[in-house]
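Visitor: what's the 3D shape of this:
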Amino acid sequence: MKPLILSLALALPLLAAAPVQAQAQAQQAAQTPGRQVVDTGTRVLSTLQQRRAEFQKDRKALRGFIESELRSGFDREYAARLVLGPHGRGASDADVALFADAMTDNLMQRYGDALLAFDGRPRIRLKSETPLPNNRGVRVSTEILRDGGDPIPVDYLVRNNGGWKIFDVMVEGVSYVQTFRTQFDAPLRQKSIAQVAAELRSGALRPAADGAR
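Guide: Next up, the predicted model:
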């Protein structure tokens, strides 16, 4: 069950950060980041439940829905630089963008199906919002609630970059950015960022998001 929990924890908040229609965006401007994660996450879950049968038959439709939600809500280039760590120092913006796109596509492929695998109407409960040091953003602490299961503590790290965007997710204290950073370290020591991005996109490189657990 843990891989599915991690999949939900990663996929749902990334979707939950995504902006919607203009009117909703105006409403979100007055919201705290935590409230935005919970409110928009509820909308995404409702859509998934309503269209579950359609998405199970048509995975292209599911991918299209996820892509439309995820692309604008995930601070992918900032997250990519955190994952690259020292390997990203001096890297061109083009190489970082290439890696960020490949990483985002990988996330969409890995966690889209997992969203449909959850039964019991998973929900997000907001616990607290805490400023990060050095004005880096806000830690949004929540719990994922499942029927018949214990709450799962999940923290989302967000920053205001043209709206609140998520750049890291921590499930039971384990950071997805740090996990990916550890797993990409060896390939990046041996190959260029562009080569690693190409292997990630092709599926030749398959990092395990739950590898640190």
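
Visitor: Can you tell me the closest non-neighbouring residue to residue 205?
Guide: Leaving out its chain neighbours, the residue that sits closest to residue 205 by CB to CB, 6 or more residues apart in numbering is residue 199, at 4.0 Å. Any C-beta I mention is one placed from the backbone N, CA and C, and that applies to glycine too.

Visitor: what are the ranges of the helices in the chain?
Guide: 2-16, 22-29, 33-50, 52-57, 59-73, 76-84, 93-117, 176-190, 193-202 (DSSP state H).

Visitor: weakest of the ones you listed in terms of mean pLDDT?
Guide: Note on the helices of the chain: lowest mean pLDDT is at helix 22-29, with a mean of 46.

Visitor: Quick check: the residue of the chain positioned farthest from its centre vs residue 199, distance?
Guide: What lies farthest from the middle of the chain is residue 190; by CA atoms, centre = their mean that is 26.9 Å. Look at residue 190 and residue 199: by CB to CB, to the nearest Å, they are 11 Å apart.

Visitor: ditto for residue 130
Guide: Counting by CB to CB - residue 130 and residue 199 are separated by 37 Å.

Visitor: If you count surrounding residues, which of these two has more?
Guide: residue 199 (15 against 11; other CB atoms under 10 Å).

Visitor: and stretch 163-183, how far from the chain's centre?
Guide: Mean C-alpha position of stretch 163-183 versus that of the full chain (CA atoms, centre = their mean, to the nearest Å) differs by 8 Å.

Visitor: start to end distance for it?
Guide: End-to-end span of stretch 163-183 (CA to CA, to the nearest Å): 30 Å.

Visitor: Who are the contact partners of residue 143?
Guide: 124-125, 127, 151-154 (CB atoms under 8 Å, 6 or more residues apart in numbering).
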